[in-house]
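Chemist: Got a sequence here, can you model it:
(2 chains)
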Amino acid sequence: MAGIRLEGLTKRFDDGTVAVRDVDLEIEDGEFFVLVGPSGCGKSTLLNLIVGLESPTRGEVFVDGERVTRRDPGKRNMAMVFQSYAIYPHLSVRENLAFPLRVAGVPPVERDHRVVEAARALELEELLDRRPATLSGGQRQRVSMGRAMVRDPVAFLLDEPLSNLDARLRGQMRTEIARLHRRLETTTVYVTHDQTEALTLADRLAILDGGEIQQVGTPREVYRAPANRFVAGFLGAPPMNFLRGTRDGMDLVLPLGPMPWPSGLPDGTVTVDVGVRPEDVREVGPTEGRADDDVFRFRARVELVEWLGSESYAHVEMPRGGDSAQRLVVRLSPGGDVAEDDDIDIELARSRLHFFDPGTGIRLRVDA
Amino acid sequence: MSASRSRLDRVFQSATALVVVVYALLPLGWLLSISLKAPGDLSDGRLVPGRITLEHYRAVFADPHFPAALRNSLGIAGIATTLAIVFGSLAAYALVRLRFPGRSLVMGGALSIAMFPPIAVIGPLFDLWRRVGLFDTWTGLVLPYLSFTLPLAIWTLSAFFRDLPWELERAARVDGATRLQAFRHVIVPLAAPGVATAAILVFVFAWNDFLFAMSLTSTDHARTVPAALAFFTGASRFEEPTSSIAAASLVVTVPVVLVVLLFQRRIVAGLTAGAVKG
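Modeler: Next up is the predicted model:
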């Protein structure tokens, strides 16, 4: 087991594209660390740099304080699970699991022992003599995991391991991976574009965009205080609502109405991007709620209802949308049956607003 | 409608296949017929021999030169095939997987060598081999066979390597295999159909070659079967050895057919099924 440290890691491909730019990252020993971002954000390249399948243009990779930047992938003793599983099709499940041990020169008796052990942990014992072609997607996934486990590696690297599975199996395997990590306590780096996987699995996560790390933190930290507009919009389903606010004297004017200009915003700011998560824009009964300055309260017409079973969301017209005709996504109260074209009462606590610089997208801190 | 359509399709398919098979097998059948005919019946104009005799086959194996020629053929074609596959697969792998300057130049160069008419090099090669002592040796034949078949092997194999899922090799590398181990344990077994195809092509080229064998050998020391057949005398020196040559031709065709059939079992599509989600 080992911690992984990346210093100023940059990867420029031959065609000039920079897939990873200046990444500094410290992954702690035993941590479940998730790299998340949209496709093309460089997360898989970053993983390949860690395992050594790509060599960086600049920067260093340290494992347990030891520099491994130029070391062969096989010599780093990391195990990787590929999106495509990458099971050797000409070998049986048993031979697949034994492959890393075989090339490492582990004697056959111990090899067998460890293969059976890994197979038992993943409930693969029945399948040991089968060929990969006869296995289902979930079983292949398990074989791929087993091959990673059998070596007792210093770290597990998983590259979108669940994205080829159907939704039900994905949830099941997700739980299984979490359980496996809790049991083995091996440092794990997990690449995904799926925010549910990222938020549920991660001890900490890094959000990447355009080859650069946007934010690193625990799932709660990044969800509650996104470092910039990108992170704010990327995490959360349905995504955060964004509004444009302008300064008017001592007021901040939003399409929802005016509010006192938040103290703490940098001097000279004239416009801000304001974000609010759908769950913070609540539908309320007409009589409910207090009338005070901390809350926006308004009535709006429902355009569309998204019913998801356990929760539902309404897309409503902004009360003072003006010509922009912006929509706001609102969480509906559970059990209600709001329909399209209904008018509903909505409440929004001002303390729940996030402020971003409209130019750079960086989060602006305000005094509570 | 569609049922009768597909039945019609099948009839046409079978008819076409039959024509092709007959066209391909007719010369062989004719050869077989000649090799079995009694000496006097050779020009009786019948495809099915009236009297059947194995006399010519006996003559072939009684000929002192034939076993030597067979040994030479097997040895030379075998060595040429092994070397072409070993070097060809390594070269093809490098050409497919590694980016280096002059890559396409190597591919193009290989192709142009394969296109080169062998007859053009026979004269100079004859002189050269006499001078350096390679005339009438196994090496003297293996070398030209290698130069003409290696490009073939490289092209065939690189086409196969290109289609292999690259992630398997990456997985092998992460699993601790060196590049060579990954190549040997993962790439080559998966490319087995390609390796078999290339091996057949190379073997058949070397086995069937008449030009080099005729020009660069002079004795039983290295003369291969196609060349030896030309010097065949047959059962008796007073008759044309047509039947014996036919018998000998059949005897040397059988190994080729066997090799092809043997390898064909490995040329099955879908060997890579299940490696990655397809």
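Chemist: Where do the helices of chain A begin and end?
Modeler: A:43-51, A:93-103, A:108-121, A:137-149, A:167-184, A:195-201, A:219-224, A:229-234 (DSSP state H).
Chemist: Quick one: closest of those helices to chain B.
Modeler: Taking CB to the nearest CB, helix A:93-103 is the member of the helices of chain A nearest to chain B, at 4.0 Å. From N, CA and C alone the C-beta is placed, and that goes for glycine too.
Chemist: Leaving out sequence neighbours, find the closest residue to residue 169.
Modeler: Just going to use chain A. Leaving aside its chain neighbours, A:L169 sits nearest to A:G138 (4.8 Å; criterion: CB to CB, 6 or more residues apart in numbering or on different chains).
Chemist: switch to chain B, that's the one I care about
Modeler: Spatial nearest neighbour of B:E169, excluding adjacent residues (CB to CB, 6+ apart): B:A182 at 5.2 Å.
Chemist: mind listing what the closest residue to A:G210 other than its chain neighbours touches?
Modeler: Of all residues not flanking A:G210 in the chain, A:C41 sits nearest, at 6.5 Å (CB to CB, 6+ apart). A:C41 makes contact with A:208-211, according to CB atoms under 8 Å, 6 or more residues apart in numbering or on different chains.
Chemist: out of those, which are buried?
Modeler: With neighbours counted by 16 or more other CB atoms under 10 Å in any protein chain shown, these contain buried members at A:208-209, A:211.
Chemist: re earlier: next one: the residue nearest to A:G210, what pLDDT does it get?
Modeler: Looking at A:C41, its pLDDT is 92.
Chemist: Can you report phi and psi for it?
Modeler: Backbone torsions of A:C41, given as degrees, to the nearest 10, read phi -90, psi -10.
Chemist: Pull up the gap between it and A:Q195, please.
Modeler: Distance, A:C41 to A:Q195, by CB to CB, to the nearest Å: 13 Å.
Chemist: quick revisit: mind giving me TSV with the helices of chain A and columns for mean neighbour count and distance to A:V63?
Modeler: Shown next, in TSV, are these (neighbours: other CB atoms under 10 Å in any protein chain shown; distance: least, CB to CB, whole Å):
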stretch	mean neighbour count	distance to A:V63
helix A:43-51	24	9
helix A:93-103	23	17
helix A:108-121	16	22
helix A:137-149	24	16
helix A:167-184	15	17
helix A:195-201	20	22
helix A:219-224	16	25
helix A:229-234	22	28
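Chemist: A:P132 and A:R94 touch, don't they?
Modeler: No: counting by CB atoms under 8 Å, A:P132 does not reach A:R94; the two are 11.4 Å apart.
Chemist: Under the pLDDT cut-off, which ranges of chain B? List them.
Modeler: Counting by pLDDT under 70, chain B has low-confidence residues at B:1-4, B:233-239, B:263-278.
Chemist: Now do the domain split for it, please.
Modeler: Residue ranges for the domains of chain B, per automatic domain parsing: B:2-41, B:62-264.
Chemist: if you compare these, which one is most tucked away?
Modeler: Mean neighbour counts were compared across these using mean count of other CB atoms under 10 Å in any protein chain shown; the top stretch is domain B:62-264, at a mean of 18.
Chemist: Quick one: distance of it to the chain centre.
Modeler: Centroid separation for domain B:62-264 versus its chain: 7 Å, with CA atoms, centre = their mean, to the nearest Å.
Chemist: Enumerate the residues of the stretch 1-150 of chain A near chain B.
Modeler: Along the stretch 1-150 of chain A, the residues adjacent to chain B under the rule CB under 8 Å from any CB of the partner chain are A:14, A:51-53, A:72-75, A:77-80, A:82, A:84-90, A:99-100, A:103-104, A:131-135, A:137, A:140, A:147.
Chemist: residues touching the closest residue to A:D248 other than its chain neighbours, list them.
Modeler: In this structure, A:D248 finds its nearest non-sequential neighbour in A:P258, 7.0 Å apart by CB to CB, 6+ apart. Counting by CB under 8 Å, 6+ apart, A:P258 touches A:248, A:251-252.
Chemist: Just the buried subset of the residues you listed, please.
Modeler: Using 16+ other CB under 10 Å, the buried ones in the contacts of A:P258 are A:L252.
Chemist: Tell me which of the contacts of A:P258 fall in strands.
Modeler: Mapping the contacts of A:P258 onto strands (DSSP state E) picks out A:248, A:251-252.
Chemist: Could you dump the residues you listed into a markdown table and include distance to A:E160?
Modeler: As requested, the ones in strands among the contacts of A:P258 are arranged in a markdown table below (distance: CB to CB, whole Å):
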| residue | distance to A:E160 |
| --- | --- |
| A:D248 | 47 |
| A:D251 | 47 |
| A:L252 | 41 |
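Chemist: From A:E303, how far off is A:D343?
Modeler: In this view, A:D343 and A:E303 are 12 Å apart by CB to CB.
Chemist: isn't B:S147 right next to B:A114, touching?
Modeler: No: using CB under 8 Å, B:S147 is not in contact with B:A114, being 9.3 Å away.
Chemist: Contact partners for the residue of the stretch 151-300 of chain A found nearest chain B?
Modeler: Relative to chain B, the nearest point of the stretch 151-300 of chain A is A:N164 (4.8 Å; CB to the nearest CB). Shown in contact with A:N164 (CB under 8 Å, 6+ apart): A:83-85, A:137, A:141, B:277.
Chemist: Please report how far it lies from B:L150.
Modeler: Separation of A:N164 from B:L150 (CB to CB): 40 Å.
Chemist: Could you do A:D337 as well?
Modeler: In terms of CB to CB, A:D337 sits 76 Å off from B:L150.
Chemist: try B:I245
Modeler: Counting by CB to CB - B:I245 and B:L150 are separated by 32 Å.
Chemist: Equivalent analysis for A:R140, please.
Modeler: Note on A:R140: its distance to B:L150, by CB to CB, is 38 Å.
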